[in-house]
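A.B. asks: Below is the structure, and that's it, no one-letter string:
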């Protein structure tokens, strides 16, 4: 009996399969796109970075299993350092035998024209993802508006004439 090869878009971790069904890059926002008001915006993805959304199907085989998509990371080509998800709609849980759920995870990556892959702790396999674009020149630079303070010119009191 021959062992079947895993699907090229699937990572197997602890008896749970994570299959990539779609991935998409969303560019970050520039400071000027926000009218210069980028301070204090939670989870802001600036224009020198990209948000990669990865749609997944999480499934089990013939036995019930617990899953936790936080074991997944994206890796830049040639890098051993993974980038953890920053968001998504896949909470850890438990699936019955032969069950599946769908969801997505989001990762923030540098916009340096690199190719990325999805990997997992406990798995030597990677699923190739997309290649992000190159950020434009000057991306990621926060432009402060200079507020020039002027000293008001003293005005003569009302009803008096100037010399």
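C.D. replies: Everything's here; your move. Model, not experiment: these values are computed from the prediction.

A.B. asks: Is residue 25 in a helix, a strand, or coil?
C.D. replies: When classified by DSSP: H, G, I helix; E, B strand; the rest coil, residue 25 comes out as strand.

A.B. asks: Double-check it against residue 45; I have them as touching.
C.D. replies: No - counting by CB atoms under 8 Å, residue 25 sits too far from residue 45 to count as a contact (10.8 Å). Every residue, glycine included, has its C-beta placed from N, CA and C.

A.B. asks: Common neighbours of these two, please.
C.D. replies: Common contacts of residue 25 and residue 45 (CB atoms under 8 Å, 6 or more residues apart in numbering): residue 51.

A.B. asks: Do me a favour and get the end-to-end distance for stretch 89-99?
C.D. replies: Using CA to CA, to the nearest Å, the end-to-end distance of stretch 89-99 comes out at 18 Å.

A.B. asks: Any buried residues in it, and which?
C.D. replies: Of all the residues in stretch 89-99, those buried under the rule 16 or more other CB atoms under 10 Å are 90, 95.

A.B. asks: Could you number the chain from 528 rather than 1 from now on?
C.D. replies: Let's use 528 as the start, then, which means that last one is stretch 616-626.

A.B. asks: Return the residues in contact with residue 546.
C.D. replies: Contacts of residue 546 (CB under 8 Å, 6+ apart): 534, 536, 537, 538, 583, 584, 585, 586.

A.B. asks: Understood, closing this out.
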